[in-house]
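In: Quick one, structure for this:
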Amino acid sequence: MKKRFFSNGIKLSVTVLSAVLLFAGLASCSGGDEAAAEKTIYIGQVNPPITFNPLNSPDIGSQYDQGPMFDSLLGMVKPLEFEPMLADTFELKDPTTLYIKLNDKAKWTDGESITAEDVAFTLNLLANPKTETNIGTYIAQFAGLAENGKLPEGETELSSIKVLDEKSLEITLKQAIDLNMIREQLGTKLFILPKHVLKDADPAEFAQLPYFLAPDVTSGPYKFVTYEKDQFVQYVANEDYYRGAPKIKNMYIKLVPSTNLATQLETGEIHFNTGLGIGLFPSTDFDTVKEMDGIWTKTEPNTSVQMMLFNVGTITDPKVRQAIVYALDRETILNKLLKGSGEVVDPPYTSLNPYLNKDIPQYTYDPGKAKAMLEEAGWDFDRTINLVVPIGNKDREQSANIITQNLTEIGLKIEMTKYDFPTIMQKGRVHDFDLLLIGNNFLLDPDGISVMVEEGAGLNFSDYHNKEFSDYFVKGRIEPDPAVRRTYYNEIQKIMHEELPLITLYSYQELLGVSNKLIKGEPRFYGTFYDVNEWDLAE
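Out: Predicted structure coming up:
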């Protein structure tokens, strides 16, 4: 981390959009001199949110933008270091009984108390067969649920949940599990929803509720104000927040092209960039950011990766998929675009993850071998392969050019098409691609990658089906012994290496720039908004 402090502060040069945002932020509060004195923070993000529905948010942009207004049960500010949020207690009373005790002061923004009934309501919604969700496996270890975390058809309530009193409940598990897994998945990633607001909603129509266009009763340190599509999400401080009222009155998450992040940081139009794959500087801009007056920078290792997904329904032969990987010069991508700030790994686990299987040999750049394998597999070199690329992440877009060149050099015909991220998600769901570039910030727990490859998982865009493979996830998910769990995830990585539903192109370090005006608070890969109510800006 490099800190830079200068007496002349930050130069201010706002664009028309920034002026509009600033006016909107001040106008939304009280008028006159009092409004002018209110503090406003601007955060730069590239990818727009797709939804404000916490039960079905497959994209990082949506998850991030829900963070200021919804609280989870726990926070994680460092790997596997958990702190209380809505839950003061989150522990196993015995190997198969999870006990949760909520903060006595926690309440919704309409003044109603946040209760154990709200937690039970959210969990029952998640388990309802009619509720569309991408996080069902987070509760798959609850007694009475199928492997996908769903109740039997026709059932709507979990018998394994017992509400003890207004602020506490118990959950019966199928068997003993790794406590850190459930702390990370259920504790830090699930946002609790208000039962008194949503109790009459039809689970089958849940995603279409007007509430998720403008959540007006929430639990977090900030309240939702408005979302101007592809421009900004606006929030205002929740003055009655149970962990203390925020010091900064107004917050905007601005949607900014990645190529403009550095400029807007220097001019004071944003106070920091989000990172997390949804707000990264192009690597070529980071040296410039390091030299800016009034800005300090940090790099942060993480579990984020950029991947290339194979549509196994259109590129059916694993040998062809292997050949394509041998044709990729991933080291050049890493060194040319990211200036070596990251690593090349084959599975979605980075070296930060203790479950990375280091015994699996890595695919190396070997175009001669790649072409020979394609010929041996009988590949039709007149066939066109559709490479689909999201716009927004400039490094990823440039990597697509290198990939296209690599594959063209071995005789493949590549047609590259680019789309905004909501369109990418739609194409992924219906498997409308041959090759798809996409990133993800995986959980530290090894089960986190299941969302991309397990049969029936919400983000299994590759349309990969392998029951033996999926069974290893089921076994690993409910195994309490880390040593035994490792054997299952080792097998998962071996199968992925051979069958290649996806390949990791590279992992990367977070490249973050922060204004000196932000005197408390900073972007973090883990738990950025955990203490956002304590953040402060210089007068």
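In: contacts, neighbours, all on C-alpha from now
Out: Fine.
In: ok but Tyr227 is inside a strand, no?
Out: Yes - under DSSP: H, G, I helix; E, B strand; the rest coil, Tyr227 sits within a strand.
In: for it, which residues make a bridge with it?
Out: Val233 (DSSP bridges).
In: Check it and give its pLDDT.
Out: Predicted confidence (pLDDT) for Tyr227: 97.
In: backbone phi and psi for Tyr222, please?
Out: phi -130, psi 150 (degrees, to the nearest 10).
In: Next, the contact list for it, please.
Out: Pro68, Met69, Tyr235, Val236, Ala237, Asn238, Pro246 (C-alpha atoms under 8 Å, 6 or more residues apart in numbering).
In: Repeat the analysis, applying 7 Å as the threshold.
Out: Pro68, Met69, Tyr235, Val236, Ala237, Asn238 (C-alpha atoms under 7 Å, 6 or more residues apart in numbering).
In: Tell me how many other residues surround the second one.
Out: The local packing count at Met69 equals 24, with neighbours defined by other C-alpha atoms under 10 Å.
In: which non-adjacent residue is nearest it?
Out: Excluding the flanking residues, the one nearest Met69 by C-alpha to C-alpha, 6 or more residues apart in numbering is Gly220, at 4.2 Å.
In: Low-confidence ranges, the protein, go.
Out: Applying pLDDT under 70 to the chain flags residues 1-37.
In: Go ahead and flag the most central residue of it.
Out: Centroid-nearest residue in the chain: Ile60, 3.4 Å away (criterion: C-alpha atoms, centre = their mean).
In: measure that one to Met251 for me?
Out: Using C-alpha to C-alpha, to the nearest Å, we find Ile60 at a distance of 19 Å from Met251.
In: repeat for Pro215
Out: Using C-alpha to C-alpha, Pro215 is found at 16 Å from Met251.
In: In terms of neighbours, single out the busier of the two.
Out: Met251 (23 against 18).
In: didn't that one look like it was pressed against Val233?
Out: No - contact criterion C-alpha atoms under 7 Å: Met251 and Val233 do not qualify, at 8.3 Å.
In: wait, is Glu415 part of a strand?
Out: Yes - applying three-state DSSP, one finds Glu415 inside a strand.
In: The closest residue to it other than its chain neighbours is in what secondary structure piece?
Out: Nearest residue to Glu415, sequence neighbours excluded (C-alpha to C-alpha, 6+ apart): Asn386, at 5.0 Å. Element membership for Asn386, per DSSP states H and E: strand 384-390.
In: Go through that strand and flag the buried ones.
Out: For strand 384-390, the neighbour count (16 or more other C-alpha atoms under 10 Å) marks Ile385, Asn386, Leu387, Val388, Val389, Pro390 as buried.
In: go on, stretch 187-204?
Out: If you call a residue buried by 16+ other C-alpha under 10 Å, then stretch 187-204 has these buried ones: Gly187, Thr188, Lys189, Leu190, Phe191, Ile192, Leu193, Pro194, Lys195, Leu198, Pro203.
In: cool, stretch 142-151 as well?
Out: For stretch 142-151, by 16+ other C-alpha under 10 Å, it's Phe142, Ala143, Gly144, Leu145, Ala146, Glu147, Asn148, Gly149, Lys150, Leu151.
In: ok, now stretch 67-82?
Out: For stretch 67-82, the neighbour count (16+ other C-alpha under 10 Å) marks 67-77, 79, 82 as buried.
In: Please convert the contacts of Tyr222 to a markdown table, extending it with distance to Thr51 and secondary structure.
Out: Shown next, in a markdown table, are the contacts of Tyr222 (distance: C-alpha to C-alpha, whole Å; DSSP: H, G, I helix; E, B strand; the rest coil):
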| residue | distance to Thr51 | secondary structure |
| --- | --- | --- |
| Pro68 | 14 | coil |
| Met69 | 13 | coil |
| Tyr235 | 16 | strand |
| Val236 | 19 | strand |
| Ala237 | 21 | strand |
| Asn238 | 21 | coil |
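In: Closest to Glu375 out of those?
Out: Closest to Glu375 out of the contacts of Tyr222 is Pro68 (53.1 Å), distances taken as C-alpha to C-alpha.
In: Spatially, what comes nearest to the closest one if we skip its sequence neighbours?
Out: Closest to Pro68 by C-alpha to C-alpha, 6+ apart is Tyr222, at 5.3 Å.
In: Equivalent analysis for Phe281, please.
Out: Spatially, and ignoring its direct neighbours in sequence, Phe281 is nearest to Ser258 (5.9 Å; C-alpha to C-alpha, 6+ apart).
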